[in-house]
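Student: starting from these lines, generate the structure:
(chains A and B, ligands or ions: 2)
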Amino acid sequence: MSTSTIKFIDVYKTFARNSSNPQTVLDGVNFELKPGKTTVIAGGSGQGKSVSLKLILGLMKPDSGQILVDGKDVAQMGKKDLKEVRMNFGVLFQGSALFDSLTVYENVALPLQERTKASSDEIRERVTKSLAQFDLAGHEDKYPAQLSGGMKKRVGLARALQLQPKFMLFDEPTTGLDPAKSLEIYRLFYKTQQEFGYTSIIVSHDIPKIFNLADQVIVLHQGKMSVFDSPEEIQWSEDPNIKSFVEMTMGHVYQSHEMERIQ
Amino acid sequence: MIAQRIEKIGSYTLYYLHDIGRMGLFLFYALLGTFKRPFRFAALVKEIRLIGANSFAVIFFTAAFTGMVLGLQGYYTLRQFGSEGLLGSAVALSLIRELGPVLTALMVTGRAGSAMCAEIGIMRISEQIDALDCMAIDPFRFLITPKLWATIISVPLLTLIFNVVGIYGGYVAGVYILGVNPGAYFTGMEHSVINKDINLGIIKSFAFALIIIWVCAGRGYFVQEIKGAGFGAESVSRVTTQAVVISSISILICDYLITAVLL
Ligand SMILES: Nc1ncnc2c1ncn2[C@@H]1O[C@H](COP(=O)(O)OP(=O)(O)OP(=O)(O)O)[C@@H](O)[C@H]1O
Ligand SMILES: [Mg+2]
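Tutor: Numbering: from 1, shown residues only, chains lettered A, B, ... in the order given. Ligands and ions are numbered 1, 2, ... in the order given. This is a model prediction of the structure:
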């Protein structure tokens, strides 16, 4: 099992800081991921979940605070070190961010072509296999503009998983997928994580279903993150914000499989 | 009031210094990309086709008619001094020294430079460049460097074609339409065009190629950070217009400077 972890220490991020109407998105955030486990980040729209992922990737810099990836602070890194760190990441962007002048096949093959020394036969084999896994066989030659929203998501996922990274960041992996496909994707997450042991963050609105995958849950509300060691713990929280979040998203009672077994 | 004004001037100065700085770095990284492996040879060939080969028709017609106009104008001017025999040298010198490199560069800016700026700009706003960064694929090596060399290879070749076609255009106008002695047209040229003229033309076309790729690709790359450009599709369209204007003006200024220094 890997020992990779990401840690936020007192991270602050405010947009439009010098304007008359500054917007604080992260207001002193602290958390640490569990190595080799899955952390689900939940929270209302526009609360800063995607921003948090961009901070981890060094695409944005925090105003202050440290973001440690394997103990090294990405907030202070130059281009070269960042590239080194990003080698370990697989990312699914919220908008998929597929290369729109490349076909589905070329999109998924790209990380292998650019980052590994695999021969084109090996690449073809691997890409074909993973496209089939994501139910995309037969769509190899389409361009992103010719895909449905859910298909784009799946191509993005297939691409993110190609290099067997140490960290996976999924920004809303199942938004726009039908329930059956979502379930299929969740199974794939579970399977690939068992296989490769990556540490992952899933940003999702698919509550409570996504909690079946969660080893840790973070709720982001008004710039603060509340960390829970299990989905059940959320329901016991005394914090009124969390309480209303729970009632809004899960209804009064939610129990994961373990809870059901215990009772 | 005065304090405000000074503050404004200061902030503009800072912005432009910053802009120049990042454009300088942009060129540096684009050149550096040449030495990073794997070099994308296939992309280079594709870009040469897009920037170079596809500009052939435009260049051909521009050159043919420019040459013919030069033939007509030159003939009527020279006839006043009874020296129609110099028509060949007059056409050839104007083309090789000035019109060939400048008009080629302006046409390529309009045709390929604008396309390049829009393409990179769209990749930026749709997070495709961020995705490259996150996959630890250097966007400069991957995207910009092939375009850089394709432009630097294509523009001088197109200039050469422009000159040859233009000279024959002048021949058609002078010899077929106005009845200048065909032998005199080329003999005069051989005597008056010296190496210095050809070198001047070559230096110009390389310099212009660099301006085109630098300005057009650079503006597209920084599309989100340009003052007053707005957002989304509108920002790309504005920045593309801006890139074409800056590139064209820079070409003309640079033309003057090179001529003044080297002639
Ligand atoms: N580049 C930016 N400039 C200014 N404000 C930004 C920028 N990026 C994000 N924001 C603001 O930060 C806040 C958080 O955005 P973010 O994209 O992280 O939301 P989110 O939690 O991912 O929401 P959703 O669930 O809808 O995706 C939003 O209010 C947004 O307007
Ligand atoms: Mg988001």
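Student: how about the residues of the stretch 51-200 of chain B near chain A?
Tutor: B:119, B:122-123, B:126-128, B:130-131, B:133-138, B:142 (Cβ under 8 Å from any Cβ of the partner chain). (Each C-beta comes from the backbone N, C-alpha and C, glycine too.)
Student: I'd assumed residue A:8 was in a strand, is it?
Tutor: Yes: assessed with DSSP: H, G, I helix; E, B strand; the rest coil, residue A:8 lies in a strand.
Student: residues near it, how many?
Tutor: A count of nearby residues for residue A:8, using other Cβ atoms under 10 Å in any protein chain shown, gives 22.
Student: spit out the contact partners of it.
Tutor: A:29-32, A:52, A:65-68, A:225 (Cβ atoms under 8 Å, 6 or more residues apart in numbering or on different chains).
Student: circling back: and the residues of the stretch 51-200 of chain B next to chain A, which is closest to ligand 2?
Tutor: residue B:127 (11.7 Å; Cβ to the ion).
Student: the closest residue to that closest one other than its chain neighbours: how many residues sit nearby?
Tutor: Excluding the flanking residues, the one nearest residue B:127 by Cβ to Cβ, 6 or more residues apart in numbering or on different chains is residue A:97, at 4.1 Å. When neighbours are defined as other Cβ under 10 Å, residue A:97 has 25 of them.
Student: closest residue of chain B to ligand 1?
Tutor: Here chain B gets closest to ligand 1 at one residue, residue B:224, 8.2 Å apart by Cβ to the nearest ligand atom.
Student: show me what contacts the residue nearest to residue B:102 when sequence neighbours are not counted?
Tutor: Nearest non-adjacent residue to residue B:102, counting by Cβ to Cβ, 6+ apart: residue B:255, 5.4 Å away. Contact partners of residue B:255, counting by Cβ under 8 Å, 6+ apart, are B:98, B:101-102, B:204, B:208.
Student: avg pLDDT for stretch B:248-263?
Tutor: For stretch B:248-263, the mean per-residue pLDDT is 94.
Student: give the buried residues for it.
Tutor: B:248, B:250-251, B:254-255, B:258 (16 or more other Cβ atoms under 10 Å in any protein chain shown).
Student: between these, which is closest to residue B:182?
Tutor: Nearest to residue B:182 among these: residue B:255, at 31.8 Å, using Cβ to Cβ.
Student: for the closest one, give its distance to residue B:263.
Tutor: 11 Å (Cβ to Cβ, to the nearest Å).
Student: got it, and residue A:144?
Tutor: Distance from residue A:144 to residue B:263, by Cβ to Cβ: 51 Å.
Student: and the pLDDT for the residue nearest the centre of chain A?
Tutor: By Cα atoms, centre = their mean, chain A has its centre lying nearest to residue A:170, at 2.2 Å. Residue A:170 is assigned a pLDDT of 92 by the prediction.
Student: picking that back up, now list the buried members of the contacts of residue A:8.
Tutor: A:29, A:31, A:52, A:65, A:67-68, A:225.
Student: helices - which of these land there?
Tutor: residue A:52 (DSSP state H).
Student: coming back round to it: restricted to helices, list the buried residues of stretch B:248-263.
Tutor: Judged by DSSP H, these include B:248, B:250-251, B:254-255, B:258 as members of helices.
Student: any chance of these in CSV, plus distance to residue A:47?
Tutor: Shown next, in CSV, are those (distance: Cβ to Cβ, whole Å):
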residue, distance to residue A:47
B:248, 46
B:250, 45
B:251, 48
B:254, 50
B:255, 54
B:258, 56
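Student: count the neighbours of residue 96 for me.
Tutor: Going with chain A. 27.
Student: the intended chain is chain B.
Tutor: Neighbour count for residue B:96, taken as other Cβ under 10 Å: 25.
Student: for it, give me its contacts.
Tutor: By Cβ under 8 Å, 6+ apart, the contact set of residue B:96 is B:163, B:193, B:197-198, B:200-201.
Student: considering these, which possesses the most neighbours?
Tutor: residue B:201 leads the contacts of residue B:96 on contacts (other Cβ under 10 Å) with 25 neighbours.
Student: wait, doesn't that residue sit right on residue B:93?
Tutor: No: if you go by Cβ atoms under 8 Å, residue B:201 and residue B:93 don't touch, sitting 10.0 Å apart.
Student: what segments of the stretch 151-263 of chain B are strands?
Tutor: With strands called from DSSP state E, counting those that start in this stretch, the stretch 151-263 of chain B shows none.
Student: now residue A:180: how far from chain B?
Tutor: 28 Å (Cβ to the nearest Cβ, to the nearest Å).
Student: hang on, that residue in a strand?
Tutor: No: counting by three-state DSSP, one finds residue A:180 to be helix, located in no strand.
Student: circling back: ok, so of the contacts of residue B:96, who is nearest ligand 2?
Tutor: Nearest member of these to ligand 2, counting by Cβ to the ion, is residue B:201, at 53.6 Å.
Student: mind pulling up the pLDDT for residue A:151?
Tutor: pLDDT recorded at residue A:151 is 88.
Student: helices of the chain, start to end?
Tutor: In the absence of a named chain, chain A is used. A:49-56, A:79-86, A:104-115, A:120-133, A:149-161, A:179-196, A:231-236, A:240-250, A:257-262.
Student: my question was about chain B, not that one.
Tutor: B:2-32, B:41-47, B:56-80, B:87-93, B:100-108, B:114-125, B:128-134, B:139, B:145-171, B:182-192, B:195-221, B:232-262.
Student: which of the ones you listed comes out lowest on mean pLDDT?
Tutor: helix B:182-192 (a mean of 87).
Student: quick check: angle from that one to helix B:56-80?
Tutor: Here helix B:182-192 runs at 100 degrees with respect to helix B:56-80, directions being taken by axes from the mean of the first three to the mean of the last three Cα atoms, to 10 degrees.
Student: relative to helix B:145-171, how tilted is helix B:182-192?
Tutor: Helix B:182-192 and helix B:145-171 are oriented at 130 degrees to each other (the same axes, to 10 degrees).
Student: can I get helix B:182-192 in PDB, CA atoms only?
Tutor: Taking C-alpha atoms only, helix B:182-192 is exported to PDB below (Å, rounded to 0.1, in the frame of the first residue of the first chain):
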ATOM      1  CA  PRO B 182      11.900  39.800 -72.500                       C
ATOM      2  CA  GLY B 183      15.700  39.400 -72.500                       C
ATOM      3  CA  ALA B 184      16.200  42.800 -70.900                       C
ATOM      4  CA  TYR B 185      13.800  42.000 -68.100                       C
ATOM      5  CA  PHE B 186      15.900  39.200 -66.700                       C
ATOM      6  CA  THR B 187      19.400  40.400 -67.700                       C
ATOM      7  CA  GLY B 188      18.900  43.700 -65.900                       C
ATOM      8  CA  MET B 189      17.800  41.800 -62.800                       C
ATOM      9  CA  GLU B 190      20.900  39.600 -62.800                       C
ATOM     10  CA  HIS B 191      23.100  42.600 -62.800                       C
ATOM     11  CA  SER B 192      21.400  44.600 -60.200                       C
END
